[in-house]
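**Student:** Dropping the sequence and predicted coords here.
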Amino acid sequence: KAGVTQTPRYLIKTRGQQVTLSCSPISGHRSVSWYQQTPGQGLQFLFEYFSETQRNKGNFPGRFSGRQFSNSRSEMNVSTLELGDSALYLCASSPGDRNYNEQFFGPGTRLTVL
Amino acid sequence: AQSVTQPDIHITVSEGASLELRCNYSYGATPYLFWYVQSPGQGLQLLLKYFSGDTLVQGIKGFEAEFKRSQSSFNLRKPSVHWSDAAEYFCAVTYNNNDMRFGAGTRLTVKP
């Protein structure tokens, strides 16, 4: 099975712009979670989508949003970019239908905001 | 507050030496526990996990971890470290299949 893929791998944007990141989960997985990783804050949970519905949300401002399509692919959008949004954004997929799913991570998208 | 603590930010060991990375959690009940490894510029790879049962769990690459309920700990061990083990290691917990909480990570350096 192919692993979790994320596109693009690297992205450079300027303050005020918006960005969309994409994540394709492992085939058959219906849950996709997004995480932000920064040197200062570490790994932080953004949100999780399951069967096209946001099932859980972390403590991030409304500028961070996401969606999931019927094929389980997910996108994450950040509007009005700030310098502090520079980070590695990781997505993880899991089957999603039990309470202790192991999550499989993609390689991440490195976002740099100038 | 719920938290995951990895007390050691950076550890250096000699190749061939044993390794123990510490992880403590603060939750109301026993969560599901994980150790992940991250190489520079890469995503996270699962080393091992604990859900229930035997408190000593075996993982990939020769790693093992022991869950100690009384100490709220889930320490990662390896008897003999290889140079390729140099990476960052994250302990993580969750009560369900989302909102995984991670420790701050421990960076492992391996001396030749």
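**Tutor:** Happy to help now that I have it. Residues are numbered from 1 along each chain as shown, chains lettered A, B, ... in the order given.

**Student:** B:G103 is in contact with B:C23, isn't it?
**Tutor:** Yes. B:G103 is within contact range of B:C23, at 6.0 Å (criterion: Cβ atoms under 8 Å). Heads up, the C-betas are built off the backbone N, CA and C, glycines and all.

**Student:** what's the overlap in contacts for the two?
**Tutor:** Common neighbours of B:G103 and B:C23, counting by Cβ atoms under 8 Å, 6 or more residues apart in numbering or on different chains, are B:4-6, B:91.

**Student:** Give the pairing partners of the host helix or strand of B:F90; include direction for each.
**Tutor:** According to DSSP states H and E, B:F90 maps onto strand B:87-94. Using DSSP bridges, the strands paired with strand B:87-94 in its sheet are strand B:32-38 (antiparallel), strand B:101-102 (antiparallel), strand B:106-111 (antiparallel).

**Student:** For it, which outside residues touch it?
**Tutor:** A:43, A:100, B:4, B:6, B:21, B:23, B:25, B:27, B:31-40, B:44, B:47, B:74, B:76, B:100-103, B:105-108.

**Student:** Please apply the same query to stretch B:61-80.
**Tutor:** Under Cβ under 8 Å, 6+ apart, the answer for stretch B:61-80 is B:16-27, B:30, B:33, B:35, B:37, B:47-48, B:50, B:55-59, B:85, B:89, B:91.

**Student:** try 6 Å
**Tutor:** B:16, B:18-25, B:33, B:35, B:47-48, B:50, B:55-58 (Cβ atoms under 6 Å, 6 or more residues apart in numbering or on different chains).

**Student:** Sort out for me which of those are in strands.
**Tutor:** Judged by DSSP state E, the subset of those located in strands is B:19-21, B:24-25, B:33, B:35, B:47-48, B:50, B:56-58.

**Student:** now these: which count as buried?
**Tutor:** B:19, B:21, B:24-25, B:33, B:35, B:47-48, B:50, B:57 (16 or more other Cβ atoms under 10 Å in any protein chain shown).

**Student:** Please identify which pair of the residues you listed lies farthest apart.
**Tutor:** Spanning the widest gap among those are B:L19 and B:Y25, at 20.0 Å by Cβ to Cβ.

**Student:** Return the distance of stretch B:86-103 from the chain's centre.
**Tutor:** 9 Å (Cα atoms, centre = their mean, to the nearest Å).

**Student:** thinking A:Q44 is in contact with A:Q36, fair?
**Tutor:** Yes. In this structure A:Q44 lies within contact range of A:Q36 using Cβ atoms under 6 Å: 5.1 Å.
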